[in-house]
Each structure stands twice: as C-alpha cells, then as structure tokens.
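1. how does the following fold in three dimensions:
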Amino acid sequence: MEIKVPDIGDFSDVPVVSVLVSVGDKVEKEDPLIELESEKATMEVPSPNAGTVKEIRVKEGDTVTQGDVIMVFEASEEGDAKGEAPKSDAKPEQKPAPKAAEGAKAGSGDVHGEVVVLGSGPGGYSAAFRAADLGKKVVLIERYSSLGGVCLNVGCIPSKALLHAAKVVTEAEEMSEHGLNFGKPDIDGETLRKWKDSVVEQLTGGLKGLAKQRKVTVVEGYGTFTGANSIEVETSDGKKTVTFDQCIIAAGSEAVKLPFIPHDDPRVVSSTGALELDPIPERLCVLGGGIIGFEMATVYDALGSEVTVIEMMDQILPGADKDMVKPLAKRMEGRLKAIHTKTKCTGVEAKDDGLHVTYEGPDGNSQTEVFDKLLVSVGRTPNGGKIGADKAGVQVTDRGFIEVDHQQRTNVPHIFAIGDTVGQPMLAHKAVHEGKVAAEVCAGEKRAFDARVIPSVAYTDPEVAWCGVTETQAKEQGLKIAKGVFPWQASGRALSNARSEGMTKLIFDPEDDRVIGGAIVGTNAGELIAEVALAIEMGADAVDLGHTIHPHPTLSETVNFAAEMFEGTITDLMPPKKK
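-> Now for the predicted structure:
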C-alpha cells in the first residue's frame, strides 16, 4: 500500500524536517512517520495502518503537499490496506453515553457534535483539541474569524510583543549610563503594529491548521443556548443550530465599563484598543494600576507618551505583596508623569481639546487633568450571563460566574464550564488546564482539577511574579510562616545585566520547612516563578531547593539562594541570625 500525505490544512509545499522511520521498520497504526513544518505549524504524519516500511520516497528538505506518496508499506495482518482493523466477533467496550436532559433534541440541528466547545480561547481550543485526540467528534464555536480568543488576538500575545519592543527601547536608553549611546529611537507605529499583528496571525493560523488536522468542526458566530442540548449560532450565513451530547462553556470575559465614562468616544479605549497604537498619544491616562493597566503604561511610556496612572487601592498590582511591588513602583515613578494610589476617578468629560479626567486623592481634594487618550483597565467581567445558559438549566450567579465542581461540571451533568466564566484568577494558563480536565472527563477518564498553585505574572519592567501563599494572605488568615529573601544586589548576573533592583522571596511552613509560596521581582521573573510553583506542587522543602545545583551565574540561582537564606547556609551573603 502507498502512504500519502493526508489533509494537513491549508498548506502546500510543506518542508519535511525529519523522517522518523527507516526501511524495514515495523510500525503500528498512528505511529508518526515524518515531521513537517510550515511557517505556522509543526505537524507529524501518522501511519494510517500497521505494517512494515518497504520504501521511503521522501527525505529531509523535500517539500510535500496533500496526496503526495511518502512511503510504501506492506500491510500487516492486523489491518487491511485501508487502515481498518480486522473484524472481530468481540464487541468493543462501550463507555456509557451522557444522560441527555428531557426534551433535548441532540442530533436534530444543522451541526451535531459529541462535544461542543463554546469559545476558542486558550482554554476552549485546548478542550476541543484534547477531546478530539481522545476520539470525540468535536464542534468548536467561535464568535470571531480567528481562533484563540482574547488572549491570542487582543490580549496576552500582542501585549507581550509590544512589551518586548518597550524593553528594547528602555534598555537601549538606560545603557547610555554605562557608555553605550544609541540615540533617541525613531518609532514607526505602523510597522510596529504590523509586526505585532504578524505574531498574532502566525499563532492563530497555526490553530486553524491544528483544528483541521484534528477534524474539529469550527462554526463561526455568536452562540447562545436554546436548550439543554442545543446552541443557536448567529453566523454570516444566518442562524444555525448546533446540538451536542456534552458541552464545555469557555465563553471568557470582557472589560468592565464604568457608567460615568464616555465609552463611545474613540479616545476612550480598553486594553484591546490600546494595543492598536492608533495613535500614540502625547498624554495618556491609565485608569487602573493592576496587571493589564500597568503593562500598557509600560508600553506607552517607552513609546514616548506622558503617562499618568490612577489606582483606587493603596498600591499598584494589588494582588502582590507590597515589598515585591516596591522596586517596580520606584523605577516607574522615575519614568511616568505620575502614579496616584488611593485615588478615585469621579468623572470624565469629552471635549475638543481632550478628555477632562477628574479624580479625588486620599486627602479628599479633587483635581482635573486633560489627556489625549484614556485607557480604562479596572477589571473584567465574566460572560456567563450573556450566553443564555439559563435556557440549558445552567445556574449563573448575579455577577455572571458559573459554579463548577472539581471536574468542571456545572449543575447540569453533561455541561461543563472553564476559564474566566468559572471564577478567579482570570488567567489563560488556568483555563488551559481546566479545559483539558473537562475534555478528559467528557471522554470518560477519571480526572479532576487539583492544582495547588496558579502563578500570576505582571510583565512590567521589572516583572513581578508570585504563586502560592503571599505574606499579605498569611497575615489576613493568621497563618504562621517563615521566609527566605535574597536581594539581587548580591547576584552577579543581575549586576552584569545592570538590573539589580530585584529580589526573590520564598515562603515556608515553619512546621516542616516546605515551600508554600514565593514571589520574584526583577527581569524575567515570569520565567523564574515556575520553579517555585513546581516546588510547591512537589512538596519540596528548603533543603531540596538549597541542595539543587543551579547554573552560575544566573538569575535562577536566586531561588537557590533564597532557600539558603532561610536555612542559614548562604555564603554569598551573611546568613540571617536564627531566632
């Protein structure tokens, strides 16, 4: 039998990057034969049948398209030339079908899926792809023309591209203090925007190809429930009914809108509008000093805007410990026009000369400033109440959240929910893991969401990252803790990077010295926090981290040093006196 390139999506002349078998090899059905890599995706071509490789007709560097012959097989007795398993009188084990609600019309719509996923953000597409890998017929409903949701299209990914650009600008600027002068950058906003968009397109295009490879049916349009087993989708071709045996709600969230702000004025933007850089304003007001707001403040400061941040709480990044936020606040106070904490915005008036923003400080006094653009970043609200979930019998709270159990099930047994719609923290990496849990439970596997920690990262400059128990939480809950703190002024790598303002802090349970929390502020803190999260998940103690040999000089060894500070075995500093 000839083995041909199967349907690989909208790709042609795809390079062969590796041939994974040799002549004479015996392979099983679904074993990978070759690996292909387009500009948007890497994919393996699986064997459609068990057999022995008799001839290989491609080599590394060749290009192939759907239908090209890549190998010749001698099919084994376990399957015929069509890749079908031999017939047997024994019936395969059948998993029990999900129980449909009374009056359901599963299968009677325009499109039917065993598992239907509503929303294609990181959680949604992960759920859809995992369910497909487990043999389910999957339908993925997405309101926009490209997959990936807010995160890939107008959130995590494009913002990180702009934050990278901002970091290049500020690093070049600050190296003038050390003898390297690059001059003021010439910022071409249109070219920068196109590069940011190209990053997004590469990722979303890759998702499109992965969906096609997995035979996931994508329905584009806004979906709302019409019953316990049906969703009506408003598509460009009219309304379509999608029915399902099981459903995973991954509808995400949207930016909060404040009633006293003229949101219909184009100078008032959410984070989505801010990512367009259209235009780069001279004077920008950021309302909300949380992660999203301060990340965008970092971007616009580097691109030349005069930035003012207004935050109601007593610190920026309210979820983090104050000591970890202090290095960021100190650095940015020297770069931004102003950071107002304990301050409340009381009014915004749109006039020809700009947006007149009135705010009240902690002393009770009000003042008004004029800005060219206002970024409103005061939080996000879940979309649970906007998808007609009540018509499916799914309970939704007054705030729009959907309550689930440890397997992501709602109160309706065959309907699951994940991501922003099920509660805080509203983070893409949490949604991904929840999505996989829901998909595996749909497929009959015994699975539960039991993560001990979910890291949070502000991709500011410096970055701030934390996971597990914070000092603030410990104080509020009356928990006894111990800690080890290593200042980056003693880090050779931080000093050689000219960025020694950071620190690494580990929180320990004093009963057994196990790691229960940690926080890092400094360059690449978002990369470093993963070791702390793993330590907590694995139940590691101070000795485990202190005795793990880290490469030197690196920023990662500051985790090792923080553990040694707690143990009292540090040699790079004087160890703290044990109480």
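2. which one is Leu528 nearest to, not counting chain neighbours?
-> Ile520 (5.2 Å; Cβ to Cβ, 6 or more residues apart in numbering). For the C-beta atoms, the positions are set from N, CA and C on the backbone; glycine is no exception.
3. so what's the one you found up against?
-> With contact set as Cβ atoms under 8 Å, 6 or more residues apart in numbering, Ile520 has these partners: 324, 463-466, 502-505, 528-529, 532, 558-559.
4. kindly indicate which of the residues you listed lies nearest Tyr359.
-> Ranked by distance to Tyr359 (Cβ to Cβ), the contacts of Ile520 are led by Val464 at 24.5 Å.
5. that closest one sits in which helix or strand?
-> Using DSSP states H and E, the element containing Val464 is strand 463-468.
6. could you identify the helix or strand that succeeds that strand?
-> Using DSSP H and E, the next helix or strand after strand 463-468 towards the C-terminus is helix 471-477.
7. hmm, back to that, are we agreed that the residue nearest to Leu528 is in a strand?
-> Yes: assigned with DSSP: H, G, I helix; E, B strand; the rest coil, Ile520 falls within a strand.
8. quick one: pLDDT of it?
-> Ile520 carries a pLDDT score of 98 in this model.
9. bridge partners for it, pull those for me.
-> Applying DSSP bridges to Ile520 gives these bridge partners: Ala465, Thr504.
10. so how far is Ala320 from it?
-> Counting by Cβ to Cβ, to the nearest Å, the gap from Ile520 to Ala320 is 10 Å.
11. swap in Ser198?
-> Using Cβ to Cβ, Ser198 is found at 33 Å from Ala320.
12. who's more crowded, those two?
-> Comparing Ser198 with Ala320 by other Cβ atoms under 10 Å, the one with more neighbours is Ala320, at 22 against 11.
13. how far is the host helix or strand of Thr308 from where the chain is centred?
-> Element membership of Thr308 [criterion: DSSP H and E] is strand 306-310. Offset of strand 306-310 from its chain centre (Cα atoms, centre = their mean, to the nearest Å): 27 Å.
14. for that strand, give the mean pLDDT please.
-> 98.
15. for it, which strands pair with it and how are they oriented?
-> Partners of strand 306-310 in its sheet, by DSSP bridges: strand 283-287 (parallel), strand 338-340 (parallel).
16. deepest of these, which one?
-> Of all the strands paired with strand 306-310, strand 283-287 carries the top mean neighbour count, a mean of 25, counting by mean count of other Cβ atoms under 10 Å.
17. what residues does that strand touch?
-> Contacts for strand 283-287 (Cβ under 8 Å, 6+ apart): 261, 293-294, 296-297, 300, 305-310, 345, 354-355, 357, 369-378.
18. list only those of those residues flagged as buried.
-> 261, 293-294, 296-297, 300, 305-310, 345, 354-355, 357, 369, 371-378 (16 or more other Cβ atoms under 10 Å).
19. kindly check the end-to-end length of stretch 222-235 for me.
-> Start-to-end span of stretch 222-235 (Cα to Cα, to the nearest Å) is 7 Å.
20. work out the gap between that stretch and the centre of the chain.
-> On Cα atoms, centre = their mean, the centre of stretch 222-235 falls 26 Å from that of its chain.
21. buried residues in that stretch?
-> Buried, per 16+ other Cβ under 10 Å, within stretch 222-235: 223-233.
22. farthest-separated two in those residues?
-> Ala228 and Val233 (16.6 Å).
23. all helices of the stretch 1-150 of the chain, in order?
-> Secondary structure of the stretch 1-150 of the chain (DSSP state H, counting those that start in this stretch): helices located at 122-133, 149-154.
24. for those, which one sits closest to Gln408?
-> Between these, helix 122-133 lies closest to Gln408; by Cβ to Cβ that is 9.0 Å.
25. which neighbouring elements make contact with the closest one?
-> If you count contacts as 3 or more Cβ pairs under 8 Å, 6 or more residues apart in numbering; DSSP states H and E, helix 122-133 packs onto strand 111-118, strand 138-142, helix 149-154, helix 189-213, strand 238-249, helix 428-442.
26. for the stretch 251-400 of the chain, which segments count as strands?
-> With DSSP state E, counting those that start in this stretch, the ranges of strands along the stretch 251-400 of the chain come out as 253-255, 268-269, 283-287, 306-310, 338-340, 344-351, 354-360, 366-371, 373-376, 380-382.
27. phi, psi for Gln489 please.
-> phi -60, psi -20 (degrees, to the nearest 10).
28. what's the closest non-adjacent residue to it?
-> Ser500 (4.9 Å).
29. picking up where we left off before, residues making contact with the strand holding Val464?
-> 317, 319-321, 324-325, 328, 452-458, 507, 515-526, 528-529, 532-533, 536.
30. centre of the chain to that strand, how far?
-> Counting by Cα atoms, centre = their mean, strand 463-468 comes out at 15 Å from the chain centroid.
31. what is the mean pLDDT for it?
-> The average pLDDT within strand 463-468 is 98.
32. doesn't Lys167 belong to a helix?
-> Yes: using three-state DSSP, the assignment for Lys167 is a helix.
33. how close does the closest residue in space to it that isn't next to it in sequence get to Leu336?
-> In space, and not counting its chain neighbours, Lys167 is closest to Asp461: 5.8 Å by Cβ to Cβ, 6+ apart. Distance, Asp461 to Leu336, by Cβ to Cβ: 12 Å.
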